[in-house]
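K.L.:
next comes the sequence, and after it the predicted model I'd like to discuss.
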Amino acid sequence: MDNRTLLDRITTRFPDAVLEPMEFRGDLSLAVRPERYLEVVRFLRDDPDLRYTFLENLCGVDYLGRAPRFEVVVHLVSMLHLHRVCLKVGAPEEHPHVPSLTPLFATANYQEREAYDLLGIVFDGHPALTRILMPDDWLGHPQRKDHPLVEEEIAFTFNQERIYAHKPFAKE
Amino acid sequence: MTSTLHVPTPQEITEPAIAGKTETMVLNMGPHHPSTHGVLRLVLELDGEVVVNVAPDVGYLHTGIEKTMESKTYQKAVVLTDRMDYLAPLSNNLCYALAVEKLLGVEIPERVQVIRVLLVELQRIASHLVWLGTHALDLAAMSVFLYAFREREQILDIFELVSGARMMTSYIRIGGLAYDVPADFLPTVDALLRIMPERIDEYESLLTGNPLWLERTVGVGVIDAEAAIAYGLTGANLRASGVPYDVRKAMPYSGYETYDFEIPVGKNGDIYDRYRVRMAEMRQSVKIARQAWERLRALGPGPHMTLDRKVAPPPKSEITHSMESLIHHFKLWTEGFKPPRGDAYVSIESPRGILGCYVVSDGSPRPWRVHFRAPSFINLQALAHMAKGRLVADLVALIASLDPVLGEVDR
């Protein structure tokens, strides 16, 4: 399987799915239309000639100042052809939602939770989209480019009232 | 098929228990527990001593390595990669270096690639020795730990010889190596490679046929090939289930296609098979390291960095003579190099599985985004699948057999 053949297979099956095919240093990456994203992934996984059954990597990127602001990057591997393809799907800032791949690949579970936790990308259809690396009461998504890079003030008895007032658990 | 595969969350277990809807007992294990190999917290749902459900709770060691790398220049970010998988820092260095080198499109001299292969294979042995020692220790076989750490110490001495540090080496840099290997590198490695095969026999004589070991490991924590792929298991954990997938063969990097080695594969996907696969992998690593050693000896002295002056600084001797070299040196250390806009993904076979690195460049001297596909993090997802219906004592063996490193899980 080479990049050309794979791209042809996808474009014949879904003529409108691929927004922008890119080849950089021999790696194929396809920017996919969000509506077609799940169908393309399912096709790549289930087609008996392709068998991209292994989701190697899933992560989010914050392109602050670009539209769409967020991008989810997925690397799928076919153990049959020993070939890897990269799919990218954009998510706008005001509505950062992307369909979840967890129903298709169990391994996407933690990786999507990580992208949600650190970048605030919401994966629709994920069974339990909760924070995974940051504490549950954390505010904001630290890997966003506009997340303030400041130290958190340490709570002592003399100032804890003021600091705790900003925390979500203070309202409970 | 995959819809039946489920990765539980801690809340899924604790919430019904707090509401009083369950007959089972919820038990907290970790984060400070000797058998969780770091700060891994597990929420167990138990029926007597049988595990009904188990959910890992991670994040206790999250230090924001990916975020921190965004504010460092490419070369200076190398030191952070050491601190992810602290049992295999050289593998992390290599993965990151390869990803940035792919972005830059820079050629790496053959000699450098040979040294890299030699070192990461030694790293694989060192890392597997920690796994072996702690795994056996968890199952109350005390002496294996002492033997395994004896040889690991010898390997760490080699790392100290080349880089000055036993663990946080930062030795593999973008474009090559930090410095050239010293003159006594070859004889020291030779001494290790000579004794290693019989030392592996020694470990195996303690465990492989030991009835107590067999009872604790055979048929425990089974996962079939299909589920292993779906959960994204990689490394020895995947190969023990009978999937012969190894990045070194599938998508070779650093010249692995030119080495003669085999991929050990298991059959049943239980703890014992994972043990056998890792033991066989150590033997293969010795074989690869020996070939790399022969090549390095044949190649003789040579460059330890790429000759591309836009990436690697010129040697000191040149700086005193050439104005251009001085400018290159100054630019590299004050500003750093600027890879072209774009993104690159590279994956390597680290001791724990497929370690991937995704780097996005916006054309500036600092990476826009770095993401690591951490094998330990992803392998943990299969824990509940393997542990259900087994005893708590089996769970201890199971965590050890997955070989997670929490520094890498949480990054």
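P.N.:
Great, that's in hand.
K.L.:
what residues sit buried inside stretch B:183-194?
P.N.:
Buried residues in stretch B:183-194, counted by 16 or more other Cβ atoms under 10 Å in any protein chain shown: B:185, B:188-189, B:192-193. The C-beta positions use only the backbone N, C-alpha and C, and glycine is treated the same way.
K.L.:
what bridges to residue A:78?
P.N.:
residue A:83 (DSSP bridges).
K.L.:
can you report how many residues lie near it?
P.N.:
For residue A:78, the tally of surrounding residues (other Cβ atoms under 10 Å in any protein chain shown) stands at 21.
K.L.:
I'd say it and residue A:47 touch.
P.N.:
No. Contact status for residue A:78 versus residue A:47: not in contact, 9.8 Å apart, counting by Cβ atoms under 8 Å.
K.L.:
enumerate the residues of chain A near chain B.
P.N.:
A:24-25, A:27, A:29, A:53-57, A:59, A:61-63, A:73, A:75, A:79, A:82, A:84, A:86, A:103-107, A:109-111, A:114, A:118, A:127-128, A:130-135, A:142-143, A:149 (Cβ under 8 Å from any Cβ of the partner chain).
K.L.:
hey, where'd the helices end up in the stretch 201-350 of chain B?
P.N.:
B:211-217, B:225-230, B:236-239, B:247-250, B:271-299, B:316-319, B:323-334 (DSSP state H, counting those that start in this stretch).
K.L.:
okay, those in CSV with mean pLDDT, mean neighbour count and distance to residue A:159 next?
P.N.:
Shown next, in CSV, are those (pLDDT from 0 to 100; neighbours: other Cβ atoms under 10 Å in any protein chain shown; distance: least, Cβ to Cβ, whole Å):
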stretch, mean pLDDT, mean neighbour count, distance to residue A:159
helix B:211-217, 89, 15, 52
helix B:225-230, 90, 21, 49
helix B:236-239, 92, 29, 47
helix B:247-250, 91, 20, 51
helix B:271-299, 93, 21, 51
helix B:316-319, 85, 12, 52
helix B:323-334, 89, 14, 40
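K.L.:
tell me the contacts of the residue nearest to residue B:284 when sequence neighbours are not counted?
P.N.:
Leaving aside its chain neighbours, residue B:284 sits nearest to residue B:261 (4.8 Å; criterion: Cβ to Cβ, 6 or more residues apart in numbering or on different chains). Contacts for residue B:261 (Cβ atoms under 8 Å, 6 or more residues apart in numbering or on different chains) come out as B:248, B:284, B:287-288.
K.L.:
tell me the one of the residues you listed nearest chain A?
P.N.:
residue B:248 (11.9 Å; Cβ to the nearest Cβ).
K.L.:
enumerate the residues of the stretch 251-400 of chain B near chain A.
P.N.:
Counting by Cβ under 8 Å from any Cβ, the stretch 251-400 of chain B sits next to chain A at B:251, B:342-345, B:347, B:354, B:356, B:358, B:360, B:368-369, B:371, B:373, B:377-378, B:380-381.
K.L.:
okay, and for chain B, where does confidence drop off?
P.N.:
Filtered on pLDDT under 70, chain B yields the residue ranges B:1-3.
K.L.:
taking chain A, what residue is nearest to chain B?
P.N.:
residue A:107 (2.8 Å).
K.L.:
strands of chain A, start to end?
P.N.:
A:18-24, A:27-32, A:54-62, A:70-78, A:83-91, A:97-99, A:122-124 (DSSP state E).
K.L.:
now the residue in chain B that chain A sits nearest to: how far from residue B:246?
P.N.:
Proximity of chain B to chain A (Cβ to the nearest Cβ) peaks at residue B:232, 2.8 Å away. Per Cβ to Cβ, to the nearest Å, residue B:232 is found 15 Å from residue B:246.
K.L.:
what do you get for residue B:387?
P.N.:
As judged by Cβ to Cβ, residue B:387 and residue B:246 stand 26 Å apart.
K.L.:
then residue B:92?
P.N.:
Counting by Cβ to Cβ - residue B:92 and residue B:246 are separated by 18 Å.
K.L.:
which of these two has more residues huddled nearby?
P.N.:
residue B:92 (31 against 24).
K.L.:
contacts for stretch B:7-14, please.
P.N.:
Residues contacting stretch B:7-14 (Cβ under 8 Å, 6+ apart): A:106, A:109-110, A:128, A:130, B:26, B:41, B:43-45, B:53-57, B:231, B:381, B:384.
K.L.:
now list the buried members of those residues.
P.N.:
A:106, A:109-110, A:128, B:26, B:41, B:43-45, B:53-57, B:231, B:381, B:384.
K.L.:
now, those residues that are in helices?
P.N.:
A:109-110, B:384 (DSSP state H).
K.L.:
can you list the residues you listed in TSV and add distance to residue B:317?
P.N.:
As requested, these are arranged in TSV below (distance: Cβ to Cβ, whole Å):
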residue	distance to residue B:317
A:109	54
A:110	50
B:384	59
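K.L.:
residue B:276: which of these is nearest?
P.N.:
Here the nearest of those to residue B:276, counting by Cβ to Cβ, is residue B:384; it sits at 24.0 Å.
K.L.:
now that closest one: how far from residue B:399?
P.N.:
From residue B:384 to residue B:399 the distance is 12 Å (Cβ to Cβ).
K.L.:
again with residue A:134
P.N.:
Using Cβ to Cβ, residue A:134 is found at 23 Å from residue B:399.
K.L.:
more crowded one of the two?
P.N.:
Higher neighbour count among residue A:134 and residue B:399: residue B:399, with 29 against 18, using other Cβ under 10 Å.
K.L.:
just checking, what packs against the helix or strand hosting that one?
P.N.:
Residue B:399 belongs to helix B:392-402 when assigned by DSSP states H and E. Packed against helix B:392-402 by the contact rule (3 or more Cβ pairs under 8 Å, 6 or more residues apart in numbering or on different chains; DSSP states H and E) you find strand B:41-47, strand B:50-57, helix B:110-138, helix B:211-217, helix B:271-299, helix B:383-387.
K.L.:
can you do 7 Å?
P.N.:
With contacts defined as 3 or more Cβ pairs under 7 Å, 6 or more residues apart in numbering or on different chains; DSSP states H and E, the packing partners of helix B:392-402 are strand B:50-57, helix B:110-138, helix B:271-299, helix B:383-387.
K.L.:
tell me what angle that helix forms with helix B:110-138.
P.N.:
If you take axes from the mean of the first three to the mean of the last three Cα atoms, to 10 degrees, helix B:392-402 sits at 170 degrees to helix B:110-138.
K.L.:
so who does residue A:9 touch?
P.N.:
residue A:50 (Cβ atoms under 7 Å, 6 or more residues apart in numbering or on different chains).
K.L.:
next, the angle from the host helix or strand of residue B:99 to strand A:18-24.
P.N.:
According to DSSP H and E, residue B:99 maps onto helix B:89-104. Going by the same axes, to 10 degrees, helix B:89-104 is angled at 110 degrees with respect to strand A:18-24.
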